[in-house]
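Asker: Take this sequence and fold it.
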Amino acid sequence: MSADMMHPPVDLRLSDLFLAACEMDVAAFKPGNVSRESPGHGMTAEDFLASAEAAAPHVTDPDLAIGERIYRAIKATREAVHCNTNLGIVLLAAPLLHAAQHRLPDDTLVQQLQRSLDALTREDAEWVYEAIRLAAPGGLGASPRHDVREAPAVTLLAAMQEASKWDRIAYQYTHCYADILGAGLISLHQGRTHWDSETAAVTSAYLGFLSGFPDTHIWRKHGPGTADEVQAMAFDCVANLARCPDWPCARIHLTGLDKTLKSSDFNPGTSADLTVATWLADRLLHEEEIRISNHTKGSTQYV
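Answerer: Just a heads-up that it's a prediction; the model follows:
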């Protein structure tokens, strides 16, 4: 395992898509989290955009395995902004982008995603453990098994299986992105239909995660009771938004929740990371639909 940096080959299509997902992350108003309109937790939207630019060449490098992509993206991020802005985003994006690049002609993105996850190795775990130590995320405690402060004795997938009990990002690894490809995409599509706005749709997906289960970043940093309280606040906010006739009305409730969460330093980071991955997965699946449609049209010309 060598940590020397290199100039990675550039996959411009996927790099641009990753950057677009990260730009959408800060364009959308996400109560408690950082956006262009509402900085917080010592970070600004510019920090996240600089992080995305630094990480993109590495997270989309087709020559790297998933673990090394994650480490190199986080190392580049730390050199760019000197704080943890995107560990969760990179952890979730790397397998999706790897699957998009290695999908077999007759396979779907989801089928290849499962294959990419199943193929994770102990070396992947070494890279990711080092990335986590480098990022030093808030609320990182000791674990009785597979602690990231020690050399891994198992594959990355096995380590994620253990961590999935308290980390919803790890849960995606062991459940083939079930939250993202299920409830996340549903909330995103419903938000588009209801608000006719892409940023509002991203907000809807974010609130879907925040109200759907306790945010595990808050859970680790502030405890399960606080995470439950924040989930209840988000559920009330979703109910209030359902009664709003327009987005200005919705913004009143969103701003109120944002102020409440940030005044207590409650950052729903996991929900935000899942939202970025949902938008990215949605775009990758949309590309897949276009590819299948074009292939079908081409085939019917010769029937």
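
Asker: Residue ranges in the chain under the pLDDT threshold?
Answerer: 1-10, 138-147, 149, 295-303 (pLDDT under 70).

Asker: Go again with 80.
Answerer: 1-11, 138-150, 291-303 (pLDDT under 80).

Asker: quick check: longest helix of it.
Answerer: As assigned by DSSP state H, the longest helix anywhere in the chain is helix 269-300.

Asker: Quick one: distance of that helix to the chain centre.
Answerer: Distance of helix 269-300 from its chain centroid, counting by C-alpha atoms, centre = their mean, to the nearest Å, is 15 Å.

Asker: before we move on, what about stretch 11-19?
Answerer: 15 Å.

Asker: What of stretch 39-59?
Answerer: For stretch 39-59, the distance to the chain centre is 13 Å (C-alpha atoms, centre = their mean).

Asker: what do you get for stretch 66-83?
Answerer: Counting by C-alpha atoms, centre = their mean, stretch 66-83 comes out at 15 Å from the chain centroid.

Asker: ok, and the closest non-adjacent residue to residue 285?
Answerer: Leaving aside its sequence neighbours, residue 285 sits nearest to residue 109 (C-beta to C-beta, 6 or more residues apart in numbering; 6.1 Å). Just so you know, the C-beta spots here come from the backbone N, C-alpha and C atoms, and that holds for glycine as well.

Asker: before we move on, what about residue 68?
Answerer: residue 127 is the one closest to residue 68 (C-beta to C-beta, 6+ apart), at 4.9 Å.

Asker: Quick one: residues in contact with the host helix or strand of that neighbour.
Answerer: Residue 127 is part of helix 122-135 when elements are defined by DSSP states H and E. Helix 122-135 is contacted from outside by 1, 3, 65-68, 70-71, 73-75, 77-78, 84, 87, 90-91, 140, 148-149, 151-156, 158-159, using C-beta atoms under 8 Å, 6 or more residues apart in numbering.

Asker: what packs against the following helix or strand past it?
Answerer: Remark: after helix 122-135, the chain's next helix or strand is helix 156-163, criterion DSSP H and E. Counting contacts by 3 or more C-beta pairs under 8 Å, 6 or more residues apart in numbering; DSSP states H and E, helix 156-163 is packed against helix 122-135, helix 168-174.
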